[in-house]
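Undergrad: How does the following fold in three dimensions:
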Amino acid sequence: MTANDSALISHVAAARSGRPTAADERVSVTVLGAGSVVTEYYLPALAATGMARTLTICDLDAEGLSQATSLMPEADVVATDFRELL
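TA: Numbers count the residues shown, from 1 in each chain. Prediction:
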């Protein structure tokens, strides 16, 4: 187990217990692709843990992007072209 794994486990445990977590423990997340794995697993996990300080979602498919943003309306940036993010 790496130090990052330990930090993640600690953060998830704190989030589940209702204890506040330090703002500097939160991370900026960019998700490239909003397929079923992202919408069924990654985004719900991010929402449950509150780990994302900022969230960017990018997908070529407008329908998939719409579904992802409906799960995470607090996404800071939504794009259909990854080059917009560079």
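Undergrad: can you pull the buried residues of stretch 27-41?
TA: Val29, Val31, Gly33, Ala34, Val38, Thr39 (16 or more other Cβ atoms under 10 Å). Every residue, glycine included, has its C-beta placed from N, CA and C.
Undergrad: got the end-to-end distance for that stretch?
TA: Stretch 27-41 has an end-to-end distance of 18 Å (Cα to Cα, to the nearest Å).
Undergrad: ok, and what's touching that stretch?
TA: 42-43, 46, 51-59, 61, 64-65, 67-68, 71, 82, 85 (Cβ atoms under 8 Å, 6 or more residues apart in numbering).
Undergrad: contacting residues for Tyr42?
TA: Val31.
Undergrad: Arg83 versus that one, what's the distance?
TA: 22 Å (Cβ to Cβ, to the nearest Å).
Undergrad: related to what we said a few turns ago, filter the contacts of stretch 27-41 down to the buried ones.
TA: Looking at the contacts of stretch 27-41 with 16+ other Cβ under 10 Å, the buried ones turn out to be 42-43, 46, 51-52, 55-59, 64-65, 67-68, 71.
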